[in-house]
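1. Can you look at this prediction? I've put the sequence above it.
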Protein chains: 2
Amino acid sequence: MQQESTRRSNRDRTEATRADLIAAARKLFTEKSYAETGTPEIVAAAGVTRGALYHHFADKQALFAAVVEREAAAVAEEIERASPSSLNARDALIAGSDAYLAAMRAPGRTRLLLLDGPAVLGRAAMDAIDNRHGNRSLREGLVAAMRTNTMTRLPVEALTALLASAFDRAALAIEAGASAEDYRAVLMALIDGLSPALRQAPGPARTR
Amino acid sequence: MQQESTRRSNRDRTEATRADLIAAARKLFTEKSYAETGTPEIVAAAGVTRGALYHHFADKQALFAAVVEREAAAVAEEIERASPSSLNARDALIAGSDAYLAAMRAPGRTRLLLLDGPAVLGRAAMDAIDNRHGNRSLREGLVAAMRTNTMTRLPVEALTALLASAFDRAALAIEAGASAEDYRAVLMALIDGLSPALRQAPGPARTR
DNA sequence: CAACCAACATACAGTCTGCATGTAAATTGA
DNA sequence: TCAATTTACATGCAGACTGTATGTTGGTTG
């Protein structure tokens, strides 16, 4: 018998504490905001003290970065899971778009990834995170579409960034109560507008 | 002789103090950020005390809102000034786009209007400001283009918001050192993609 | 010119962040 | 296996900041 409950390896302790802190921080950062959430509140919710927080994270901002990183990874995973993997280039883009908009409906994600993230960590850091997780599949989809001549050839980085920002804005608007159908229709029109051949009536572009 | 220098009406005093505070705050908010700028620093730069600040503004956030409002108005004015007012619908959009990108090169504007603004004031408040100043001309340009059948008919609010977000993102990328030509080319392609008739080769879309 | 009010300055209370210091538990290596 | 060392925290403290309450001076008004 080995000290039944009080016998945890250091790695387990670290992992558990970090997870608790990230979960508590995520909850509070999304319910309120980064600025309005204090570290005393976070550690209370996580059941530890501020000492533990500053042992595992350099500062409040580093904890926030960990929360954002984790959230971006979750979004990327949801999108990849929802991608049927073999459609033609355009339909793959559409499927990815819908998956993104669906994923961003999870409460707090827009605030975390689109409002506080850029302001607290800076656009450059957010771009790095996006490129590590999110935007990758979008960029690859665009490259594939261009390779099959389904899409006008354009600078890939710029096109990826601009389309991504349009998706982001659509997610924000939809969360704020705007018509999801309207925004989806415009996004589709923007994408289809980039197809040399394809013009009007791209088939069943209905929302449902 | 009436007390030469110490004779100012209350309205003048208010106006001057508010202007000093807004100018000092703008400078610091853009050099650093909203979060990293304290009110003691602001009032020191403005040559007043914190009492004056809290007399004229409800709180630090209200001062920030005043700075943002003023900046958005300045951007809108620069755009309207640069608009030759009678071109065809598409060329008017192009001219407005270029004017916007040029205006956003003024130091600190991207941080103020695109990073800190949404995070501190919220997307809804920023939308209200944008609709009061900036987006108006863009929306009117889009409506005009649709009316002349130069552009596919789409939900106007959504299209305005999504195009505006693409412009915003382009401004951020350009400021971060990305190729202005690339981003401009993609923006033009997005706009021209919405023209039913117009397809490839929309004429001299060169950057310079 | 007396009463009033607007435009500040000063002082204070509460809270937060980051760090320094202390302690118990785990890991290491001889 | 057990002493040395490192890791994982808890506690306490210093500095800074925000918002407000209170005082004071100068303009405004009947």
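-> Nice, I can see it. Residues are numbered from 1 along each chain as shown, chains lettered A, B, ... in the order given.
2. just for chain A, where's the confidence low?
-> A:1-7, A:197-208 (pLDDT under 70).
3. so how far is A:G122 from the residue nearest the centre of it?
-> Nearest to the mean C-alpha position of chain A, by CA atoms, centre = their mean, lies A:A72 at 3.8 Å. Counting by CB to CB, to the nearest Å, the gap from A:A72 to A:G122 is 15 Å. The way it works is simple: take the backbone N, C-alpha and C, and place the C-beta from them, glycine included.
4. now A:I191
-> Distance, A:I191 to A:G122, by CB to CB: 29 Å.
5. okay, those two: which has more neighbours?
-> A:I191 (23 against 15; other CB atoms under 10 Å in any protein chain shown).
6. Which residues are in contact with that one?
-> If you count contacts by CB atoms under 8 Å, 6 or more residues apart in numbering or on different chains, A:I191 has them with A:90, A:93-94, A:97, A:163.
7. need those in CSV with neighbour count, can you?
-> Formatted as CSV, those follow (neighbours: other CB atoms under 10 Å in any protein chain shown):
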residue, neighbour count
A:R90, 22
A:L93, 25
A:I94, 20
A:S97, 21
A:L163, 26
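8. filter those by proximity to chain B?
-> A:L163 (CB under 8 Å from any CB of the partner chain).
9. of all the contacts of A:I191, which comes closest to B:P155?
-> A:S97 (16.4 Å; CB to CB).
10. Need phi/psi at that closest one.
-> Dihedral pair for A:S97: phi -60, psi -50, per degrees, to the nearest 10.
11. Against A:G141, how distant is it?
-> The gap separating A:S97 from A:G141 is 9 Å, by CB to CB.
12. cool, A:L113 as well?
-> Taking CB to CB, one finds A:L113 at 20 Å from A:G141.
13. do A:A19 as well
-> With distances taken as CB to CB, A:A19 is found 33 Å from A:G141.
14. And A:I22, by the same measure?
-> In terms of CB to CB, A:I22 sits 30 Å off from A:G141.
15. cool, and A:A176?
-> Noted for A:A176: a distance of 27 Å to A:G141, by CB to CB.
16. Comparing the two, which residue is more hemmed in?
-> A:G141 (23 against 12).
17. what's near enough to touch the residue lying closest to the more buried one once chain neighbours are set aside?
-> Nearest non-adjacent residue to A:G141, counting by CB to CB, 6 or more residues apart in numbering or on different chains: A:L93, 5.0 Å away. A:L93 sits next to A:138, A:141-142, A:145, A:191 when contact means CB under 8 Å, 6+ apart.
18. interface residues of chain A facing DNA strand D?
-> Applying CB under 7 Å from any atom of the strand, we find that chain A lies next to DNA strand D at A:10-11, A:13-14, A:17, A:48-52, A:54-56.
19. Could you identify the buried members of those?
-> Burial by neighbour count, 16 or more other CB atoms under 10 Å in any protein chain shown: within those this picks out A:17, A:48, A:52, A:56.
20. My read is that the third one contacts A:T17, right?
-> Put plainly, it is A:A52. Yes. Counting by CB atoms under 8 Å, A:A52 does reach A:T17; the two are 5.7 Å apart.
21. Tell me who's in contact with A:A103.
-> Contacts of A:A103 (CB under 8 Å, 6+ apart): A:74-75, A:78-79, A:109.
22. Make JSON lines from these and add distance to chain B and secondary structure to it.
-> Shown next, in JSON lines, are the contacts of A:A103 (distance: CB to the nearest CB, whole Å; DSSP: H, G, I helix; E, B strand; the rest coil):
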{"residue": "A:A74", "distance to chain B": "21", "secondary structure": "helix"}
{"residue": "A:V75", "distance to chain B": "18", "secondary structure": "helix"}
{"residue": "A:E78", "distance to chain B": "22", "secondary structure": "helix"}
{"residue": "A:I79", "distance to chain B": "19", "secondary structure": "helix"}
{"residue": "A:R109", "distance to chain B": "13", "secondary structure": "helix"}
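23. Enumerate the residues of chain A near DNA strand C.
-> Taking CB under 7 Å from any atom of the strand as the contact definition, chain A meets DNA strand C at A:3, A:6-11, A:13, A:37-41, A:50-51, A:54, A:58-61.
24. which SSE is A:D20 in?
-> Per DSSP states H and E, A:D20 falls inside helix A:10-31.
25. tell me what that helix is packed against?
-> helix A:39-46, helix A:50-56, helix A:60-82 (3 or more CB pairs under 8 Å, 6 or more residues apart in numbering or on different chains; DSSP states H and E).
26. what does it rub up against?
-> Counting by CB under 8 Å, 6+ apart, residues outside helix A:10-31 touching it are A:8, A:37, A:41-43, A:45-48, A:52-53, A:56-57, A:63-64, A:66-67, A:70-71, A:107-109, A:111-112, A:116.
27. Which members of those residues are classed as buried?
-> A:37, A:42-43, A:45-46, A:48, A:52-53, A:56-57, A:63-64, A:66-67, A:71, A:108-109, A:111-112, A:116.
28. of all the residues of chain A next to DNA strand D, which two lie farthest apart?
-> Checked with CB to CB, those reach their widest spread between A:R11 and A:R50, with 22.4 Å between them.
29. For the residue nearest to A:H56 when sequence neighbours are not counted, the count of nearby residues, please.
-> With sequence-adjacent residues excluded and distances taken as CB to CB, 6+ apart, A:H56 is closest to A:R18, at 5.3 Å. Using other CB under 10 Å, A:R18 has 18 other residues around it.
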